[in-house]
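# Return a 3D structure for these sequence lines:
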Amino acid sequence: MAKRRRIETASGKTPLTGASADASEEAERVVVKKKWAVTRQGTLELMKEIPIDVLFEVFGHLEPHELLQLARTSKDLRKMLMSRSSSSVWKTSRKNAGIPDPVPPMSEPAFANLLFNPICHFCHTTRVPQICWSGPFRCFWADYHFSFASAEELSNAGFDLPASIWNLVPMYPLTQSQARSYWRHVEWVYLISAAKEFYNEFMSLPVSREAVRDFMDKKCEAKMARKDQTLVCKPWDDNRNVIKYLERKNVREQRIIGIFDKLSELGWVEELMDQNSRWEIMRHKLVNQSRPLTERVWGNIGTTLEAFLSSLRRDRLAIERHQLLRDRDEHLQKLLRHYEKRLPRPLFMPPLPDIVLWQPFRTIIENTPPTEILEASHYDDAMKHLPPFVQEWNAKRHDKALGVLQAHQPEAPSSDLYLATSLFHCKNGNGSVWSYPGIMAHMCYRMPDYESECVGWCSGMPSTHCEILLATKAIETTKVICQLHKLDPKTSLDTMMTLNPLVECKTCSRYNQHNVRFFVRWTSAVTRCHGHELIAVSEADEAIVVAKESQHDKGWQETREWYRCKKCDYKYRLKSVRKHLKKAHQIEENVDDYLEYTPLGRLVESTRPKEVMIYPPGKKEPVWPVVPYNWGPDSDSD
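Model (predicted):
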C-alpha cells in the first residue's frame, strides 16, 4: 500500500484525520496541477498570437547565433525559422551583424551554424574551435580517417574518374599533423560523400562531349564562386577570433586583478609578491577563467584559493629554507677546503659531506636563525673538535681498507696497502679503480641506504654506508703488466705511478678495423683491459706513442689538488704549491724536490692517460679536437 503524503499544518492547529484529511489532500493536488499547467504554458506560447510580419520584424533584430538558439527552443519555432520563407530574417540578422554572405551553396541557417556552433559536423559531439574554410566545415582530426579518403583510396574503391575531372571534385588540404600521419605523403583528401555524389552525377551524364563540357563548366564556376567567397569569409572569421581572444583576455586579466585585490585584503601580499607563487595562482583553474568576478563568484572560490595559497606558502618557505641551508653548506665547504690545505700528514681529508653532516657543523647550519648570516667565526668551536674527528675517520677507513685486503690475504701487513697491487673499488663506483689512500676519500655515486638519512640541502652523500671491495681483476691485470716489464709484484704505488708502464692490447686491437694497434698505460688498463691479451712494447713503438701523447692530456695531472708541500703539508695544485714554496719557504731552486704527488682520485684520473692508436701505413688518422678542461684561470689564494 502506498504511503500517504504527510500534510503540513500551521502551528497551533490540530491535524486533519479521516475524511477531512482526504479532502484536503485532493484539494492540494488540484492546486499543484493547476500551477503546473500555468507554468507549462510559458511565454513562448503567446508568440503564436503575434502576426507573422511583426514576428519576422522582431527576429530581424536578433543576432544569427540568437536565432539558432531560438530555433532550438521548440519544434514550431524551428519549423518556422528553417523554412525558405524565413530566409529574409536570417539575411537581415546577418547584415545587421556585419557578417559576409554565405559560401555557396550554403543556406543562411547552415552558414550561421558553421560560424556559431563549434561542434564537429561529422561526429556531432566534439568541439572544434577552428573552421576549415576549404570545405567549409568543422571536423575533429580523428574523424578525417572515416569521412575522407585520398585519390588512391577512392580509385581503389571503384570511383574511377578522368584526371581532368579530379580537380573539380571538392578536395581539402591536410593541416592536422595527426591526419597527415595517417596518410603518408598525401597533401589533399576528398570528402567521401561529396566524391560519391560527384561520381554518380558524372556517370549519369549523357555520352556526349557537350554534356561533359557543360558539366565541367558548371562545376568550375561553382568551385570559383566558393573560392572567391571563402577569401571574403576567412579574413572576417580570423578578425572575429582575434576580437574574441582579446575580449576573453581582458576579462581574464580583470578577473586576476580582482582576485589579487581580494587576496591582498586578506593578508596574502607576500605570496602575491613572490614570482613563482604568483605564477601558480594565475594558472589555477579557478583564476585562469574568462568569466567576470562577482561577489557571488568570490564567495564560492575564496575559501578554496586561501587553502591553495596556504600550500604555496608552505612550499615557498620550504624552498627558501632549503636554499638558505644550501648556501650555508657551500660556505662551510669553502672553509673546509682551506682547512684541508693545512692538514698534517699522513691524514687525509674525509669527503666534505661527512664533515658537513657531522653533528657540530650540522647543528650550526640547521639551528641558526634565518636572519643571521653565518661567518667563519660561527664555526670556531666546531673547528676545535675537527682534528680528532678527522683522525678517528682516518683510522676507521684505514681499518676498513685493511680488513678488505686481509679478507683475501690474511697475513697482509698494513704497509701492503701502499703496494701497486692493492687496488680497490666501491660497490657504487661504476667500475672505477682506486688505490690506497684514494679509496678512503672517494665519494660514492649511489647508495641504497642513503634515503633513510637523506639531507636535501647537502651537496653530496656521506660515506657512512660505502662498501669497499678488492679490485681482483685490476690486481690480476697489474700483475700481468709487472711481469711484462719485469717488475716486482711488490712494487710500491709511488714507483708504479712514476713508471706508468705502457702495454699493447691485442684484444682491443682486434675490435678495431683496418689493423689499428692499441696502446694503453697501466692506469687505464686496470679499468678497461681485464682479461685482455697484453704484450710488451718495444722501445721504437714506445717512442712513437710518447710522441703521440698529447701534452694537453699530460697537463691534466698538474691541475689536480693532489700536490703537497713537504715542509708544511700545504696541499693544492702543482702551480699553487710551487708558488707557496717560493713565497713561504724562500725556495727558488729545485722546487719540485720539496713537494710530493699524493693522488686521491681514481687511477684513470691520476695521470689522465689517453689511449693511443697507431694506424697502418696509408690509413688516414682522424684529427680529434682538443677539449679544454673545466678549470678557470689561476686565482690560487692561500
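
# was I right about H145 contacting Y182?
Yes. H145 lies in contact with Y182 (CB atoms under 8 Å); the separation is 5.5 Å. Yep, even glycine has a C-beta here, placed from its N, CA and C like the rest.

# Between these two, point out the one with more neighbours.
Y182 (16 against 13; other CB atoms under 10 Å).

# residues in contact with the more buried one?
Neighbour list for Y182: 144-145 [criterion: CB atoms under 8 Å, 6 or more residues apart in numbering].

# one more time with 7 Å, if that's ok
Taking CB atoms under 7 Å, 6 or more residues apart in numbering, we find Y182 in contact with H145.

# Let me know the helix or strand that K579 is in.
Per DSSP states H and E, K579 falls inside helix 574-584.

# which other helices and strands contact that helix?
Contact partners of helix 574-584 among helices and strands, from 3 or more CB pairs under 7 Å, 6 or more residues apart in numbering; DSSP states H and E: strand 563-565.

# and the next element down the chain from the strand it packs on?
Using DSSP H and E, the next helix or strand after strand 563-565 towards the C-terminus is strand 571-572.

# average pLDDT for that following strand?
For strand 571-572, the mean per-residue pLDDT is 80.

# Show me what that strand is packed up against.
Applying 3+ CB pairs under 7 Å, 6+ apart, one finds that strand 571-572 contacts helix 295-341, strand 563-565.

# Give me the contact list for it.
Here strand 571-572 has contacts from 340-341, 343, 561, 563-564, 636, using CB under 7 Å, 6+ apart.

# Please pick the buried ones from those residues.
Buried members of these, counted by 16 or more other CB atoms under 10 Å: 340-341, 343, 561, 563-564.

# wait, which of those is closest to I355?
Using CB to CB, E340 comes nearest to I355 of those, at 9.7 Å.

# If we ignore the residues flanking it in sequence, what's nearest that closest one?
M349 (4.2 Å; CB to CB, 6 or more residues apart in numbering).

# just V480 next, same as before
Of all residues beyond its chain neighbours, the one nearest V480 is L534 (5.7 Å), with distances taken as CB to CB, 6+ apart.

# so how far is S422 from that neighbour?
20 Å (CB to CB, to the nearest Å).

# Comparing those two, which shows the higher neighbour count?
When L534 is set against S422 and neighbours are counted by other CB under 10 Å, the residue ahead is S422, at 24 against 20.

# I'd like the distance between the more buried one and C466.
Using CB to CB, we find S422 at a distance of 18 Å from C466.

# now, of the helices and strands packed on strand 571-572, which is deepest in the fold?
Stretch with highest mean neighbour count among the helices and strands packed on strand 571-572: strand 563-565 (a mean of 21; mean count of other CB atoms under 10 Å).

# So what touches it?
The contact list for strand 563-565 (CB under 7 Å, 6+ apart) reads 571-574, 577, 580-581, 594-598.

# Can I get the buried part of those as one ChimeraX selection?
Entered in ChimeraX, the line below selects the buried ones among the contacts of strand 563-565, by 16+ other CB under 10 Å:
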select :571,572,573,574,577,580,581,595,597,598
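
# ok, the contacts of strand 563-565 vs E221, which is closest?
Nearest to E221 among the contacts of strand 563-565: R573, at 85.6 Å, using CB to CB.

# Spatially nearest residue to that closest one, not counting backbone neighbours?
The shortest distance from R573 to any non-neighbouring residue, by CB to CB, 6+ apart, is to E561 (5.6 Å).

# Likewise for A584?
Among residues not flanking A584 along the chain, C568 sits closest, at 7.0 Å (CB to CB, 6+ apart).

# ok, now P102?
Using CB to CB, 6+ apart, the nearest residue to P102 is F111, at 3.6 Å.

# Which residues belonging to the helix or strand containing the one you found are considered buried?
If you go by DSSP H and E, F111 is part of helix 108-116. In terms of neighbour count (16+ other CB under 10 Å), helix 108-116 has its buried residues at 108-109, 111-115.
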